[in-house]
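Trainee: Sequence plus the predicted model coming up.
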Amino acid sequence: MIEQTNVLYTAEATAVGGREGHAHTSDGRLDVDLDVPTEMGGSGGPGTNPEQLFAVGYAACFQSSLLRFAAGRGLDLADARLTARVGIGLVPSGGFGLVAALDLHAPRLSHAVAVDLMRRAHEACPYSRATRGNIEVTLTADGATVEQQAA
């Protein structure tokens with residue numbers, strides 16, 4: 001059963017021309033040219049691509065979840081950074097699929113605390129909720145894999 005969401009904000013974006021086109025948000029804050037990476041047979045032009053945009057959104061949202069949990073424990077993550085990598089490739093059944101990897105660099109935290117925060121953030125982050133069961137998401141803390149508990 002899908003839990004109903006009480007919507008607080010809706011982002012609206014329009015794309016024209018697909019992966020080799022242009023996209024913008026209704027409020028004009030984001031206005032980008034799009035290009036296909038050379039690795040996918042495209043020109044690799046100066047435009048961005050949907051995977052980069054998704055990676056930026058996922059990184060920001062996930063780090064906000066981390067910051068919330070850290071603040072609740074009195075932890076300072078001022079010098080922490082969260083890197084999201086979003087990959088696209090062919091799936092055995094045909095077509096394309098995504099994978100994501102999230103890495104926390106938090107030099108002031110022990111590995112155990114970083115792992116705990118990553119697990120908690122992964123449960124709470126709206127992007128993680130949206131991708132859960134749909135794409136493979138790997139969590140790491142300074143490059144060391146955070147073992148996922150069975151869902």
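Mentor: Thanks, I have it. Just so you know, these numbers come straight off a predicted model, no measurement behind them.
Trainee: List the contacts of the residue nearest the centre of the chain.
Mentor: By Cα atoms, centre = their mean, the mean C-alpha position of the chain lies nearest to Tyr58, the distance being 2.3 Å. Under the criterion of Cβ atoms under 8 Å, 6 or more residues apart in numbering, the contact partners of Tyr58 comprise Ala84, Val86, Ala100, Leu102, Cys125, Tyr127. The C-beta positions use only the backbone N, C-alpha and C, and glycine is treated the same way.
Trainee: among the residues you listed, which are in helices?
Mentor: Residues of those located in helices (DSSP state H): Tyr127.
Trainee: confidence score at the residue nearest to the centre of the chain?
Mentor: We note a pLDDT of 98 for Tyr58 in this prediction.
Trainee: Okay, and it sits in which element?
Mentor: When secondary structure is defined by DSSP states H and E, Tyr58 falls within helix 50-72.
Trainee: Now go through the contacts of Tyr58 and say which are in strands.
Mentor: The strands in this structure, assigned by DSSP state E, contain Ala84, Val86, Ala100, Leu102 from these.
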